[in-house]
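>>> just to be clear, the model below is a prediction. Sequence and coordinates:
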Amino acid sequence: VNGSRVYEHQTWKEIAEAVERGAAVAVPVGAIEQHGYHLPLDTDAFFARELCLAGSDGFDVIVGPLLPFGYRSRPLSGGGPTFPGTLSLSGGTFTALVREVLESLIGMGFRKLLVYSWHMENQNFVYEAAYLAAEGRDDLKVVVLETPFDGLSDTAMATMYGDEFPGWPAEHASLMETSVMLHMRPELVDMERAVDDGAEREPSYEIIPPPASVTTESGALWKPTRGTADKGKVALEEIAEHLQRVLREEFPELALA
Ligand SMILES: [Zn+2]
């Protein structure tokens, strides 16, 4: 309706037409998870849909339905399960959710599908779901982006981080997510409450239940106070370009003139 590419905004007739003309459907998968003192719980779900929309601009791709729930938050990449507000699905439930949604989309006739995840912990499970949904079929193509980008250009990294980069797992609720939110959705960012933080230790292994020393007090894992809307614009553009490249490579016929 009204030219929107959001799946949930289509009528059933518009979905039938999208299937008929061979459009792709891209399913954004996020999480409802604490993002420090200053960002909302739906940060990952919001990014999954909005960055997927930005990255598929200019292509015949319907974006959705948004799957806002993710696999369990882990201490070293999302703060872990102890924060109020964080919702977590088990691996089996999460895989089944993604798989059944993909099967429904395939059932209604979509043959070009993409899964776009913004939440590190969803990796492997989204692949498993897509694998099972497509298993034994040779009449379709499912592209799975377990992470929304491979990395940023040297220029973008220099602009955003200078010479201090903590690695992507520690970037939870920190510079990148804060910046992109400041750029896209500033009304939901409370910079006065943002605090830089860091876990007392970052072991290369997991401990269950997670001790307090492997996560942070605030839930931000690094330095959100370094976030700015300008940095967010740089990141958004590169992340969107990444998906553009993937679409040009995998579904070149969907580029709109
Ligand atoms: Zn996040």
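Yep, it's here. Numbering: from 1, shown residues only.

>>> dump the residue contacts of the residue minimising distance to the centre of the chain.
Nearest to the geometric centre of the chain sits Trp118, at 1.6 Å (Cα atoms, centre = their mean). Applying Cβ atoms under 8 Å, 6 or more residues apart in numbering to Trp118 gives the contacts 28-31, 44-45, 47-48, 51, 148. C-beta: built from backbone N, CA, C; applies to glycine.

>>> swap in Ala54?
Shown in contact with Ala54 (Cβ under 8 Å, 6+ apart): 236, 239-240, 243.

>>> go on, Gly151?
Residues counted as contacts of Gly151 (Cβ under 8 Å, 6+ apart) are Met157.

>>> distance of it relative to Asp230?
20 Å (Cβ to Cβ, to the nearest Å).

>>> run through who's touching stretch 239-254.
By Cβ under 8 Å, 6+ apart, stretch 239-254 touches 22-24, 51-52, 54-61, 112, 114, 116, 141, 143, 145, 148-150, 180, 255.

>>> can you tell me the element the residue in the stretch 151-257 of the chain that the ion sits nearest to falls in?
Nearest residue of the stretch 151-257 of the chain to the ion: Glu177, at 5.0 Å (Cβ to the ion). Assessed by DSSP states H and E, Glu177 sits inside helix 175-184.

>>> C-terminal to that helix, what's the next element?
Toward the C-terminus, helix 175-184 is succeeded by helix 229-250 as the next helix or strand (DSSP H and E).

>>> for that following helix, give the mean pLDDT please.
Mean per-residue pLDDT for helix 229-250: 97.

>>> and the angle for it with helix 175-184?
Relative orientation of helix 229-250 versus helix 175-184 (axes from the mean of the first three to the mean of the last three Cα atoms, to 10 degrees): 100 degrees.

>>> close to the ion, is helix 229-250?
No. Using Cβ under 5 Å from the ion, helix 229-250 stays clear of the ion, coming no nearer than 12.7 Å.

>>> wait, what's in contact with Trp222?
When contacts are counted by Cβ under 8 Å, 6+ apart, Trp222 touches 166, 170-172, 174-175, 196-198.

>>> ok, Gly30 - how many residues close by?
Using other Cβ atoms under 10 Å, the number of residues around Gly30 comes to 24.

>>> burial count for the residue nearest to it when sequence neighbours are not counted?
Nearest non-adjacent residue to Gly30, counting by Cβ to Cβ, 6 or more residues apart in numbering: Ala45, 3.3 Å away. Ala45 has 23 neighbouring residues, counting by other Cβ under 10 Å.

>>> for Ala45, report the pLDDT, please.
Here the pLDDT value assigned to Ala45 is 98.

>>> list the contacts for it?
With Cβ under 8 Å, 6+ apart, Ala45 has these contacts: 28, 30-32, 66, 68, 118.

>>> ok, the helix or strand that contains Val144: who's next to it in the sheet?
Here Val144 sits within strand 141-145, counting by DSSP H and E. Sheet pairing of strand 141-145 (DSSP bridges) gives strand 112-117 (parallel).

>>> now the helix or strand that the partner strand is followed by: how far from the chain's centre is it?
Next along the chain after strand 112-117, taking DSSP H and E as the criterion, comes helix 125-134. In this view, helix 125-134 has its centroid 17 Å away from the chain centroid, taken as Cα atoms, centre = their mean, to the nearest Å.

>>> what does helix 125-134 contact?
Residues outside helix 125-134 that contact it (Cβ under 8 Å, 6+ apart) are 29, 71, 91, 94-99, 102-103, 106, 113, 115, 117, 140, 142, 144, 146.

>>> same thing but at 7 Å, please
The contact list for helix 125-134 (Cβ atoms under 7 Å, 6 or more residues apart in numbering) reads 29, 71, 91, 94-95, 98-99, 102-103, 106, 115, 117, 140, 142, 144, 146.

>>> related to what we said a few turns ago, closest to Gly78 out of the contacts of Trp222?
His172 (5.5 Å; Cβ to Cβ).

>>> ok, the closest one - contacts?
By Cβ under 7 Å, 6+ apart, the neighbours of His172 are 77-79, 221.
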